[in-house]
Structure formats: C-alpha cells, structure tokens
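In: Attaching a predicted model along with its sequence, questions to come.
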Amino acid sequence: MENQGILLYIGIALIILLVLWYIWTANNLIAKRNRVKQCRSGICVALKQRNDMIPNLVAAVKSYMGHENETLTRIAELRSRTFQPSQESEQIKTGNELSSLISKLQLSVEDYPELKASEQFTRLQRSIEDMELQLQAIRRTYNAAVTDYNNSIEMFPSSIVAGRQNHYQEELIDIPEQEQRNVDVSALLK
C-alpha cells in the first residue's frame, strides 16, 4: 500500500513537471517569436528614418549631378514604394535594394569636389552612412533572433510544443546578390 502511494506521488510530480516544462517552453517560444517581430519592426523603423533623409540628399545631389539622374530617379521610386502599405518582408527587400543604390550614389559623388565640400551634403551623407550602419546592425540582430527562434522550433523536445502551437520558421534576411560581388576598384578609379 505504501509503495502505491509513493508511486502515485511520483506520477503526480512527473505530470506537474511535464506541465510546467510545457508552459515554460510555450512561453519561451512566444518570447522568441515576439523578439523576431520586434527586430523586423526595428528594420522597418530604420528604413523609414533613412527614407525621410533621402529627399534632402537627393535635392542636394541633383543640383550638381545631371548624368546620375537614372540612379536618383530609381532611389526616389524605391523610397516612395517603401511608404506604401505592404508586407514587412517587401519593405525589407526594397530597403536592401535602396541601400545598394545609395552606395552607388556615394561613389558617383566622388567626381564632384564642390558637392563633397558642401557642408549640408557632407552632413546628410554622414547621417545616411550612420543609418546604413545601424541598419546593418539591426539586420544582424534580426538574423540572430530568427536563428534562435528557428532552432527552438526545430530542436527536440521544444519542437513538440512548437508543432502543437503552430510556430513556423521565419526567413533570414539575405543580402542581394549584387551586394555580394567584389567591388572592381580599377573601374571606380577611372
């Protein structure tokens, strides 16, 4: 009789531990999913902030650069697209393309010493460069949060809880192929 009582207490303790583990794991997965959402939102906020600076940069550059008009037009088009209500993933993709165009614009500016000497342009250029660095940091943070979340979803035993609570993998931010290519410095120096 005494053994049955001990086994009953052990069984109840195991069930309580299992329930507590399930609750802890479910809450942990929710916290990780919310961290991913927070990081994605941070990227969108940084993109909006950068896009608010772009008209000033474009206006400053337009007065000096006639033949880079195509790049300026594409930047303006991408900027206006990021203000339209869309999926966060589409905003991030557009932001990546905009980042590559801004770096091309920065290289084109090298041909205009009077523009580089403009205090307003220099200040805007530094602000956008700072924003690009912030975006890179936020993207790295986002990818780290997504990797942590995806690992939790896939690894046993938390994968059991993830499957029951409809947790799905998130996508990492990929760098566009054009930004992965090596820069041809000799072409830039011509």
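Out: Nice, I can see it. All of these numbers come straight from a predicted model, not from anything done at the bench.
In: Longest helix in this structure, please.
Out: With secondary structure taken from DSSP state H, the chain has its longest helix at helix 2-62.
In: Poorly predicted segments of the chain, please.
Out: Low-confidence segments of the chain, defined by pLDDT under 70: 1, 56-87, 101-121, 175-190.
In: Mind doing that once more with 80?
Out: Counting by pLDDT under 80, the chain shows low-confidence ranges at 1, 50-125, 128, 174-190.
In: who does the longest helix of the chain touch, helix- and strand-wise?
Out: helix 69-83, helix 88-109, helix 119-154, helix 158-164 (3 or more Cβ pairs under 8 Å, 6 or more residues apart in numbering; DSSP states H and E). Where C-beta positions appear, they are placed from N, C-alpha and C, glycine not excepted.
In: In contact with residue 22: list those residues for me.
Out: residue 161 (Cβ atoms under 8 Å, 6 or more residues apart in numbering).
In: separation between it and residue 147?
Out: For residue 22, the distance to residue 147 (Cβ to Cβ, to the nearest Å) stands at 24 Å.
In: now do residue 42
Out: 16 Å.
In: Just want to know which of those two has more residues nearby.
Out: When residue 42 and residue 147 are compared for neighbours, residue 42 comes out ahead with 18 against 13, by other Cβ atoms under 10 Å.
In: contacting residues around that one?
Out: Per Cβ under 8 Å, 6+ apart, neighbours of residue 42: 138, 141, 142.
In: From what I see, the last one and residue 173 are in contact.
Out: Which is residue 142. Yes: between residue 142 and residue 173 there is a contact under Cβ atoms under 8 Å: 6.1 Å.
In: Neighbour count for those two, which is higher?
Out: Taking other Cβ under 10 Å, residue 142 and residue 173 do not tie; residue 142 has more neighbours (22 against 18).
In: what's the nearest residue to residue 32 if we skip its chain neighbours?
Out: Nearest residue to residue 32 in three dimensions, chain neighbours excluded: residue 149, at 4.1 Å (Cβ to Cβ, 6 or more residues apart in numbering).
In: residues touching the one you found, list them.
Out: Applying Cβ under 8 Å, 6+ apart, the residues contacting residue 149 are 29, 32, 33, 35, 36, 167, 169, 170.
In: swap the cut-off to 6 Å and go again
Out: Residue 149 makes contacts with 32, 33, 36, as judged by Cβ atoms under 6 Å, 6 or more residues apart in numbering.
In: distance of the second one from residue 90?
Out: The spacing between residue 33 and residue 90, counted by Cβ to Cβ, is 20 Å.
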